[in-house]
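**Q** predicted model follows, preceded by the sequence.
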Amino acid sequence: MILDEIDIKILNILSKDARTSYLHIARQCGLSGAAIHQRIAKLKNNQVFRTSRIQLSPKGLGYNTCAFIGIQVNLVNERTHQEVFLKIKDIPEIVECHHITGKYSLLAKIYTKNNEELKRILVEEIQSIVEVVGTETFISLEEGFSRQVPVE
């Protein structure tokens, strides 16, 4: 999909506040509410954005430890990799999991209340998966920044 100037303006507005009303966007873009509705529907249909949702603050909810875990999988076959991925997906504290290249098969982002809880999940839930042959954990000391991909 090719984005025009109006699409880019809409995306920039929504990326700052996904709850912005169509009427407010329409006024900023000089279009009707119906035109904005049609454009946003087109952007959604073309998978330009995933969803609009409130982003929760892990620290505000008591999740004080953020870590990234590299997970090595004994790749007997592709099915083994998928089975491990599905087991990792069942751990609610893991908020992202990426299939990656290099030393690890998976890279997981996890939030826990504290380091003790991180250790428990790592040992009891991740390292106890038979096909997992190794892990490496990187504890985040502080999130420097987080942003959306640029809209051009």
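**A** Received the coordinates, thanks.
**Q** just list the residues touching the residue nearest to C66 when sequence neighbours are not counted, thanks.
**A** Leaving out its chain neighbours, the residue that sits closest to C66 by CB to CB, 6 or more residues apart in numbering is S140, at 4.2 Å. C-beta coordinates here come from the backbone N, C-alpha and C atoms, glycine included. Counting by CB atoms under 8 Å, 6 or more residues apart in numbering, S140 touches C66, A67, F68.
**Q** ok, of those residues, which come out buried?
**A** Taking 16 or more other CB atoms under 10 Å as the criterion, what is buried in the contacts of S140 is C66, A67.
**Q** among the contacts of S140, which are in helices?
**A** Members of the contacts of S140 lying in helices (criterion: DSSP state H): none.
**Q** what's the helix or strand for the spatially most central residue of the chain?
**A** Nearest to the geometric centre of the chain sits E96, at 5.3 Å (CA atoms, centre = their mean). For E96, the host element (DSSP states H and E) is strand 94-99.
**Q** report the angle between the helix or strand following that strand and strand 94-99.
**A** For strand 94-99, the following helix or strand on the C-terminal side (DSSP H and E) is strand 106-112. Counting by axes from the mean of the first three to the mean of the last three CA atoms, to 10 degrees, strand 106-112 lies at 170 degrees to strand 94-99.
**Q** and I6, what pLDDT?
**A** At I6, the model reports a pLDDT of 95.
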